[in-house]
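>>> here is my input, please return the structure:
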Amino acid sequence: MGVERSRRKPLHVLFEQVLCLGLCQGVPVGYSRGKRGGRILGFDTEPSGYEKTILSDLQGAWQCLRQEVADNPGFHGWDRALFHIDEAMSWESVRNLRAMQRSLLLVRNILQQADDLPEGAAECLQAVSELMDETLEALASGEI
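Next comes the predicted model:
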């Protein structure tokens with residue numbers, strides 16, 4: 001049922017063999033020869049540049065709002081707002097922007113009820129609201 005543990009080669013030995021095989025055969029490091037026709041198969045590398053989208057702007061606005069609320073605790077509802085901001089920034093909400101929109105509605109209601117809401121938090125909330133609208137429009141039009 002497979003190779004016994006004592007007969008397996010350590011991972012670092014296998015890596016050195018693959019690296020040497022590639023260098024000895026004139027194949028650039030990070031490539032290996034495929035078994036199909038001897039062609040060189042590569043692997044994906046990390047991209048060096050990223051296309052900025054409305055989603056990255058929306059994420060940044062949520063982060064700013066979270067930071068403002070966390071930096072100015074004590075106003076009415078700040079802890080509940082922080083909880084719902086974290087929910088809006090979760091993977092579940094990022095994958096389902098309608099869920100994020102519902103979280104935004106909750107956060108907006110909580111923050112607007114606070115009499116002593118810091119001005120920075122109010123500005124960040126406005127930015128999140130505007131970007132959420134733009135993001136949903138971009139999604140509806142197929143841009144993202």
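>>> going by C-alpha atoms from here, please, whenever you check contacts or count neighbours.
Fine.
>>> mind listing what's buried in the lengthiest helix in the chain?
As assigned by DSSP state H, the longest helix anywhere in the chain is helix 119-141. Within helix 119-141, the residues scored as buried using 16 or more other C-alpha atoms under 10 Å are 121-122, 124-125, 127-129, 131-132, 135-136.
>>> what's the answer for stretch 91-108, then?
Under 16+ other C-alpha under 10 Å, the buried positions of stretch 91-108 are 93, 97, 100-101, 103-104, 106-108.
>>> sorry, back to before: what does the longest helix of the chain rub up against?
Helix 119-141 has contacts (C-alpha atoms under 8 Å, 6 or more residues apart in numbering) with 54-55, 57-58, 61-62, 64-65, 68-69, 97, 101, 104, 108, 111, 144.
>>> just the ones of those in strands?
Judged by DSSP state E, the subset of those located in strands is empty.
>>> all helices of this protein, in order?
Under DSSP H, the chain gives helices at 11-24, 54-71, 78-88, 91-95, 97-112, 119-141.
>>> what is the end-to-end distance of stretch 107-124?
In stretch 107-124, first residue to last residue: 12 Å (C-alpha to C-alpha, to the nearest Å).
>>> could you give the average pLDDT over that stretch?
Taken as a whole, stretch 107-124 has a mean pLDDT of 94.
>>> one step back: among the helices of the chain, which gets the worst mean confidence?
Mean pLDDT values for these show the minimum at helix 11-24, a mean of 50.
>>> please parse the chain into its domains.
Following automatic domain parsing, one gets these domains for the chain: 5-41, 54-141.
>>> tell me the contacts of I85?
62, 66, 103-104, 107.
>>> could you check how far it is from A114?
16 Å.
>>> ok, V94 next?
From V94 to A114 the distance is 27 Å (C-alpha to C-alpha).
>>> do the same with V107
From V107 to A114 the distance is 11 Å (C-alpha to C-alpha).
>>> also T53?
32 Å.
>>> what's the burial count for L82?
As a burial measure, L82 scores 20 neighbours (other C-alpha atoms under 10 Å).
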